[in-house]
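Q: I need the structure of the sequence given here:
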Amino acid sequence: MEEEVHRLLEDSAKCKVERKLTEALTKAKEAASKEKKIRQLRENAGTLDQVNIDLTFYVFYNLVNMYHTNGLHQESLNSYTIILKNKQGYGRLLLNALSGFVIRLHNHHVLLVS
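A: You can find the predicted model right below:
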């Protein structure tokens, strides 16, 4: 199943490059859904320690990126919050990324208002 998540992530990135933004977001959501199923299966089997934390991070980071690219800023921020709550040490990295995101969002808003 992890291979399918990887494939969906690659497809999502490819669609973004090809400017198929809605399709890129759909693939990102599918990857997130499948990754969640993997975590649930491992939790039910008592093997939650075998969850691929890096894959979880990449899935959510891609989802954040695709939400942002599609102009869905609140959903993007909600997904960032999920990543920041992760206790695996990604919080600091994403806090920096979020800071840049908020600055870009603010600058974009200022340009629209001007």
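Q: show me where this protein has helices.
A: Assigned by DSSP state H, the helices in the chain fall at 2-17, 21-44, 53-69, 73-85, 91-113.
Q: Give the buried residues for the shortest one.
A: This means helix 73-85. For helix 73-85, the neighbour count (16 or more other C-beta atoms under 10 Å) marks 75-77, 79-80, 83 as buried. Placement of C-beta: from N, CA and C, glycine included.
Q: One more: stretch 43-54?
A: 51-52.
Q: For that stretch, list the C-alpha coordinates in PDB.
A: C-alpha atoms of stretch 43-54 as PDB (Å, rounded to 0.1, in the frame of the first residue of the first chain):
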ATOM      1  CA  GLU A  43      -2.700   0.700  14.900                       C
ATOM      2  CA  ASN A  44      -5.300  -2.100  14.800                       C
ATOM      3  CA  ALA A  45      -2.500  -4.700  14.400                       C
ATOM      4  CA  GLY A  46      -0.500  -3.200  17.200                       C
ATOM      5  CA  THR A  47       2.400  -2.300  15.000                       C
ATOM      6  CA  LEU A  48       2.000   1.500  15.100                       C
ATOM      7  CA  ASP A  49       5.700   1.800  15.700                       C
ATOM      8  CA  GLN A  50       6.300   0.600  12.100                       C
ATOM      9  CA  VAL A  51       4.500   3.600  10.600                       C
ATOM     10  CA  ASN A  52       6.700   5.400   8.100                       C
ATOM     11  CA  ILE A  53       6.900   8.900   9.700                       C
ATOM     12  CA  ASP A  54       8.700  10.300   6.700                       C
END
